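Enquirer: Quick one: sequence and predicted model below, then my questions.
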Amino acid sequence: MNGDVDIVPIGDVPVDAVVAFFDRVPDGDRTFFKEPVAGAATVQAWTSGAPGGPASTRLVAVVGQGGERSVVGYAALIGGVGWSSHVSELRLVVDPEHRRQGLGHRLAAAALEVALGSGATKVVVEAIASQDATVGLFLQLGFVAEAILEDHVRDANGGLHDLIVLAHRSADTWSTLATVGLDAPLD
Ligand SMILES: CC(C)(COP(=O)(O)OP(=O)(O)OC[C@H]1O[C@@H](n2cnc3c(N)ncnc32)[C@H](O)[C@@H]1OP(=O)(O)O)[C@@H](O)C(=O)NCCC(=O)NCCS
């Protein structure tokens, strides 16, 4: 499954390919991005590592070869600061045309491995509590539900949704990575 998909740092692919990916994400999903993704300027800021913001690692899933390569998934790990400097936040989105093929699982597992390597001892992810499939993906990876924030997310139509915060502890990470077939560090 996904044998022809590579997971690489975002800086390895042209900015345009990343922008095209985010343009393909449906509005319904876009509602739930915590950070606005406003075209090339946003992506350039990510890849240039603009000073002042929290440390971050961004990975993309890529299909195709050479000039035909396109981005079909994205995972970000945003480092915490101050008293949460041991915590990273994971954000994940997969191209609708490539969902249900294990790509979200692969990207999340790769991001967990990066988190472990960076010394983070806790990784959190925020999701819409009613999205059982999304929550299920993270539970499969060893995350546990830690909090529900009621009416915490407002969508583009003004509808309110409960937010669930799921957490993963580093003590569990190696067993989880072994479960998903990543039981040795990647280059
Ligand atoms: C959540 C998301 C990243 C999942 O990506 P994906 O590539 O489809 O996930 P996977 O194929 O790896 O799915 C892994 C498991 O999650 C569950 N799952 C994922 N999507 C599902 C769906 N639509 N219905 C039922 N189960 C689903 C299943 O258990 C699945 O395993 P299976 O296919 O063997 O049954 C994708 O739906 C997405 O981008 N959503 C919008 C953004 C978002 O909500 N991000 C999460 C919060 S940051």
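Expert: Here it is on my side, so go on.

Enquirer: For whichever residue of the chain sits closest to the ligand, which non-adjacent residue is spatially closest?
Expert: As assessed by Cβ to the nearest ligand atom, the ligand sits closest to residue 104 within the chain, at 2.5 Å. Heads up, the C-betas are built off the backbone N, CA and C, glycines and all. Of all residues not flanking residue 104 in the chain, residue 94 sits nearest, at 4.8 Å (Cβ to Cβ, 6 or more residues apart in numbering).

Enquirer: Can you list phi and psi of that neighbour for me?
Expert: Backbone torsions of residue 94, given as degrees, to the nearest 10, read phi -120, psi 140.

Enquirer: And it, how close does it get to residue 82?
Expert: Using Cβ to Cβ, to the nearest Å, residue 94 is found at 31 Å from residue 82.

Enquirer: Assign a three-state SS to residue 164, would you?
Expert: strand (DSSP: H, G, I helix; E, B strand; the rest coil).

Enquirer: Could you check the pLDDT of it?
Expert: On pLDDT, residue 164 comes in at 97.

Enquirer: neighbours around it, how many?
Expert: 22 (other Cβ atoms under 10 Å).

Enquirer: In this structure it contacts residue 126, no?
Expert: Yes - the pair residue 164 / residue 126 is scored as a contact, 7.2 Å apart, by Cβ atoms under 8 Å.

Enquirer: where does this structure come near the ligand, residue by residue?
Expert: Within the chain, the residues that sit near the ligand (Cβ under 6 Å from any ligand atom) are 29, 32, 91-94, 99-105, 125, 127, 133-134, 136-137.

Enquirer: Can you turn the buried part of these into a PyMOL selection?
Expert: In PyMOL, this line selects whichever of the residues of the chain next to the ligand come out buried by 16 or more other Cβ atoms under 10 Å:
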select buried, resi 32+91+92+93+94+102+103+104+105+125+127+134+137
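
Enquirer: among the residues of the chain next to the ligand, which are in helices?
Expert: The helices, defined by DSSP state H, take in 29, 103-105, 133-134, 136-137 from those.

Enquirer: In a markdown table: these, plus distance to residue 115 and pLDDT.
Expert: Shown next, in a markdown table, are these (distance: Cβ to Cβ, whole Å; pLDDT from 0 to 100):
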| residue | distance to residue 115 | pLDDT |
| --- | --- | --- |
| 29 | 23 | 78 |
| 103 | 19 | 96 |
| 104 | 16 | 96 |
| 105 | 16 | 95 |
| 133 | 23 | 92 |
| 134 | 19 | 93 |
| 136 | 20 | 95 |
| 137 | 16 | 95 |
